[in-house]
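Peer 1: test case, fold it:
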Amino acid sequence: MTVLKPTMATGETAGRLQSLHSFLEETNGRLLAGEVAGSKVWPSGFQVLDQALTGGIRSGELVLLGGPQCLGKTTFALQVTRNLIASGHSVVYFSFEHDNHTLLERLIVLEAAEIAGLTAIPLHAVRLAFEARHGSEQTLESRFQGTEGGAEAVRAVQEYSPRLHMHRSKGSDTDVYAMRQVVETIFSDTGQMPFVVVDYLQKVYVPGAAHLLEEERVTLVVEALKDLALDMSIPVLATVAADKKGLAAGKRMRVQDLRGSSALAYEPDIVLILNDKYDVVARHHLMYNLANAGRYRRWVIMSIEKNRSGADKVDLEFRKRFEQARFEPGGGYVEEELIDERIFVQ
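Peer 2: Next up is the predicted model:
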């Protein structure tokens, strides 16, 4: 009879085994120490979304945010990042699309809008301020003196900047294992486990995947991100690109329109899908009031397509303020009827 010898993988698997009795004792120990015994909740800062998610995003959860190009996936992810670090949380932002300077510009604009509202310095003015040549004695704060909310925004960003860790990620070498090492380093250096943002999922590197189809590669990435969230008991928010079918004008994007793999529907705990309100509102809302067309274009619909911990098939709406690199955080529930495809009104 052949006897199977324990392998390294077998030993690691056995090490994950725990009796309910020992887990109960561990839980009681946490409670007696004044610690949180259940999942930690990380509020997104978008009030109506946090309400729908019964408080926010939980440790161990993988959240996917999908949508067509230029509809605000990065804007939303960075705004959640700002809300978390401003409230004392730590975040690591793996950016495959934007350099650190671009993220800084957006954070300053976003923060200025929080301070000064609609009159705050817009994104194009922040870019001009960075590009203009000034004397060498100019500091970042002084460069924005005289603008609406600009100097105050710089001070606010400087105050919470130690809690944001920006990783300039590359599709040629940044895999999920590298992300895990970064998270471990942040925890070792700061004592805080960070909220993880991946922008975006299809660009995450998979070693030895040159022969794989995109569907197979995306499956490996989304499974690894879910393992990362569970193993380290942290939330992971990843933006996801749409496939060609999901980019069609006048069509409502759904979870099946995410580019890559059916695992994008099965592995995550929460799936959020963005759509332009004009593209998905029912035709009769336009037929009887054509002025609605311009108004609807200023709003985005965020649909909770999947939510393992609560309500799904919920449609929320947020006002776009892209000149301020943000959405208005209040939002609300969609009152109009929405459909999957709409015949355009001439």
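Peer 1: which residues does stretch 236-245 contact?
Peer 2: Contacting residues not belonging to stretch 236-245 are listed as 57, 61-69, 73-74, 77, 80, 195-202, 222, 225-226, 228-229, 251, 253, 257-260, 264 [Cβ atoms under 8 Å, 6 or more residues apart in numbering]. Placement of C-beta: from N, CA and C, glycine included.
Peer 1: among these, which ones are in strands?
Peer 2: Cross-referencing the contacts of stretch 236-245 with the strands (criterion: DSSP state E) gives I57, L62, V63, L64, L65, G66, F195, V196, V197, V198, D199 as the overlap.
Peer 1: picking that back up, give me the buried subset of the contacts of stretch 236-245.
Peer 2: Among the contacts of stretch 236-245, the ones that count as buried by 16 or more other Cβ atoms under 10 Å are 57, 61-68, 73-74, 77, 80, 195-202, 222, 225-226, 228-229, 251, 253, 257-260, 264.
Peer 1: contacts for stretch 105-124, please.
Peer 2: With contacts defined as Cβ under 8 Å, 6+ apart, stretch 105-124 is touched by 75, 78-79, 82, 126-127, 129-130, 144, 147-150, 152-154, 156-157, 321-326.
Peer 1: repeat that for stretch 85-101.
Peer 2: Contact with stretch 85-101 is made by 42-43, 45, 74, 77-78, 81, 84, 103, 130, 156, 160, 163-171, 174, 179, 182-183, 186, 190, 192-200, 203-204, as judged by Cβ under 8 Å, 6+ apart.
Peer 1: report the buried residues of that stretch.
Peer 2: Using 16+ other Cβ under 10 Å as the test for burial, stretch 85-101 gives I85, A86, H89, S90, V91, V92, Y93, F94, S95, F96, H98.
Peer 1: that one: how far from the chain's middle?
Peer 2: Its chain's C-alpha centre lies 10 Å from the corresponding centre of stretch 85-101 when counted by Cα atoms, centre = their mean, to the nearest Å.
Peer 1: going along the chain, name the helices of this structure.
Peer 2: Taking DSSP state H as the criterion, the chain carries its helices at 8-14, 20-32, 47-52, 73-86, 100-116, 123-131, 140-143, 150-160, 176-190, 214-232, 263-266, 277-280, 284-287, 292-296.
Peer 1: comparing the ones you listed by mean pLDDT, which bottoms out?
Peer 2: Mean pLDDT across those is lowest at helix 8-14; the value there is a mean of 54.
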